[in-house]
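1. Sequence first, predicted coordinates after that:
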Amino acid sequence: MATTDDGSRTTFLREVKSAVTPHASLLVLGVLGLMTAFITSYAGAFHQPRPTDVPFGVVAPPPAAGQVVRQLDRPPGSPLDPRALRSARVARQRLADRTIDGALIVDPRGTTDRLLVASGGGASLSQAVELVVGAAEKARGRTVRTVDVAPADRGDSRSLSSFYLVVGWCVGGYLCAAILAISAGARPSNGHRAVIRLAALALYAIAAGLAGAIVVGPVLGALPGTFAGLWGLGALVVFAVGATTLACQALLGIIGIGLAILLIVILGNPSAGGAYPYPLLPPFWRTIGPALPPGAGTWTARSLAYFDGAATTAPLLVLAAWAIGGTVLTLLLSVFRKQDRRASRPPEDGRPPA
C-alpha cells in the first residue's frame, strides 16, 4: 500500500491509473497498432519478391518475333509482358525513357542473343529479368549475353542510393513538421501561425534538399546526375511530406503524427520501389507506390541519375499534389478552427450571438 504526498494511503490500482493515464494508454495502443502495421507492410511487400508483367521488348525478324514473344509470355506467373519492337535502336530508346525494363535482341545468324537491361533502374529487377530470359533461352537451345545500357554507378552498386536519399528527405520532412507543431500545440491556432510554419518548412526544405544532394554527390559520390536537379527534388520531397504532416496534425492533433507515419513510412517506404522495383512487388504495393511521396521521389531520383530525367512528369506532379494539398488543407483547417473558436466565444455584453 503506497501513500500520497499528504500521507493518505492509495491502492496499487490508483497508482497505475495515476502513472499511466487513459490518454497515454490510448497513445500506447496507437503505437502498438503502428508497429504491427509496420511489420505487416514491410514483410508483406518484401517476403517473396517475384517479377510480374515486367515490360519487355523483343527484336527479331518478322517470322520469329511473334514466336519469341509467345514463348516469353508462356512461363507461369506471367513474369514478363513482352512486345515486339522494330529495331535494337528502338529497344534502347524505350529503355532510356523507362518504357520497358529489358529487351531481347535475337541474332538470326547465330545462337547467342543479347539481353539489354538497365540496372540503374534497380539491380534486383535486372537480375530477375536475366534469370527469366536465361531460362527461356536455354529451353530454346540458345544462349544469351547481357548488356547493361544504363549501369548503376560504382558508388551505387545496387542502385539503392536514390531510395535511401529519398527516405532521408521524407524523415526530415515529417520530423520538422512535427517539431513545428508540438512546440506550441499540434493544431495551428490561426491562419497566421499556419503560414509562418509553412514558410519555416519551406526554408528547411531548401536546406534539406541541398544537404542531401551534397552528401550523395560531392561527399560520397554515391549518385550521379544533375546536382541542381537532385537539390530541387529534395526540396520538393521534404516540403510535400512536411506539408502533409502539418495537415494531418491540423486535422487530428498529435494523433496526426501517427497518420503521417502511416502514409509515409508504413505504406510509402515499402511500396517505393527501392529495394525491389514495382514489377517485383505484390499488386497492392505496386499500385499505391507511385501515388505516395517516397515512390514518386525514388523514381524521379533514379531518372535524374541514370536516365537523363526521363519519365519524371507524372511523379513530379504527384509530389506537387501532396505539397499543394497539404498546404491548402493546413491553411483551411487553421482558418475554420479560428472561426469555430470565435463562434463559441460568448459576447462581451453577455448576450447570446444573433
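-> Received it, and whenever you're ready, just let me know what you need.
2. Point to the residue nearest the middle of the chain.
-> In the chain, the residue lying closest to the centroid (CA atoms, centre = their mean) is residue 294, at 1.7 Å.
3. list the contacts for it?
-> With contact taken as CB atoms under 8 Å, 6 or more residues apart in numbering, residue 294 is in contact with 166-167, 170, 264, 268-269, 271-272, 274. Heads up, the C-betas are built off the backbone N, CA and C, glycines and all.
4. which residues in the stretch 251-354 of the chain form strands?
-> With strands called from DSSP state E, counting those that start in this stretch, the stretch 251-354 of the chain shows none.
5. same thing with the chain?
-> Under the criterion DSSP state E, the chain contains strands at 2-3, 9-10, 54-59, 80-84, 102-105, 112-117, 143-148.
6. where in the stretch 201-350 of the chain is pLDDT low?
-> Across the stretch 201-350 of the chain, the ranges flagged by pLDDT under 70 are 337-350.
7. re earlier: from residue 306, how far out is the residue nearest to the centre of the chain?
-> With distances taken as CB to CB, to the nearest Å, residue 294 is found 18 Å from residue 306.
8. returning to what we had before: show me the two of the contacts of residue 294 that sit farthest apart.
-> 264 and 274 (13.5 Å; CB to CB).
9. Give me the more crowded residue out of the two.
-> Between residue 264 and residue 274, counted using other CB atoms under 10 Å, the more crowded position is residue 274 (28 against 25).
10. mind listing what the more buried one touches?
-> 160, 162-164, 166-167, 294, 298.
11. next one: residue 160
-> Residues in contact with residue 160 (CB under 8 Å, 6+ apart) are 274-275.
12. what's the burial count for the closest residue to residue 220 other than its chain neighbours?
-> Closest residue to residue 220 apart from its sequence neighbours, by CB to CB, 6 or more residues apart in numbering: residue 155 at 6.5 Å. Residues lying near residue 155 (other CB under 10 Å) number 13.
13. Tell me the spacing between residue 155 and residue 223.
-> Between residue 155 and residue 223 the computed distance is 7 Å (CB to CB).
14. Kindly report the same for residue 192.
-> 39 Å.
15. Compare neighbour counts for those two and give me the winner.
-> In this view residue 192 and residue 223 are compared by other CB under 10 Å, and residue 223 has more residues nearby, 27 against 11.
16. Ramachandran angles for that one?
-> Main-chain dihedrals, residue 223, degrees, to the nearest 10: phi -140, psi 120.
17. my guess is it contacts residue 230, does it?
-> Yes - with contacts counted by CB atoms under 8 Å, residue 223 reaches residue 230, the gap being 7.1 Å.
18. what touches both of the two?
-> 165, 216-217, 301, 305.
19. what's the most distant pair in the residues you listed?
-> Taking CB to CB as the measure, those have their most distant pair in 217 and 301, spaced 11.6 Å apart.
20. okay, those two: which has more neighbours?
-> The residue with more neighbours, out of residue 217 and residue 301, is residue 301; 29 against 20, by other CB under 10 Å.
21. Quick one: residues contacting that one.
-> Residue 301 touches 162-163, 165-166, 223, 225, 230, 233, counting by CB under 8 Å, 6+ apart.
22. what's the distance between it and residue 313?
-> Applying CB to CB, the value for residue 301 to residue 313 is 15 Å.
23. mind checking which of the strands of the chain is nearest residue 200?
-> Closest of those to residue 200 is strand 54-59, at 42.4 Å (criterion: CB to CB).
24. So what are the sheet partners of that closest one and their directions?
-> Using DSSP bridges, the strands paired with strand 54-59 in its sheet are strand 80-84 (parallel), strand 102-105 (parallel).
25. which among the shared contacts of residue 223 and residue 230 gets closest to residue 90?
-> Among the shared contacts of residue 223 and residue 230, and counting by CB to CB, the member closest to residue 90 is residue 305, at 23.5 Å.
26. Quick one: list the elements packing against the longest helix anywhere in the chain.
-> Secondary structure assigned by DSSP state H gives helix 313-344 as the longest helix of the chain. When contacts are defined as 3 or more CB pairs under 8 Å, 6 or more residues apart in numbering; DSSP states H and E, helix 313-344 sits against helix 191-214, helix 227-252, helix 293-306.
27. Surely residue 270 and residue 40 touch.
-> No - contact criterion CB under 8 Å: residue 270 and residue 40 do not qualify, at 9.9 Å.
28. Compare those two (neighbour count), which wins?
-> residue 270 (26 against 12).
29. Pairing partners for residue 80 in the sheet, please.
-> Following DSSP bridges, residue 80 is listed with bridge partners residue 54.
30. For burial, what's the neighbour tally of it?
-> The number of residues packed near residue 80 is 27, by other CB under 10 Å.
31. show me what contacts it?
-> Here residue 80 is in contact with 51, 53-54, 56, 72-73, 102, 129, 132-133 (CB under 8 Å, 6+ apart).
32. follow-up on the earlier one: of the helices and strands packed on helix 313-344, which approaches residue 260 most closely?
-> Proximity to residue 260, assessed across the helices and strands packed on helix 313-344 by CB to CB, is greatest for helix 227-252 (4.1 Å).
33. can you give me the angle that closest one makes with helix 293-306?
-> Interaxial angle, helix 227-252 versus helix 293-306 (axes from the mean of the first three to the mean of the last three CA atoms, to 10 degrees): 180 degrees.
34. Show me what helix 227-252 is packed against.
-> helix 161-182, helix 191-214, helix 255-261, helix 293-306, helix 313-344.
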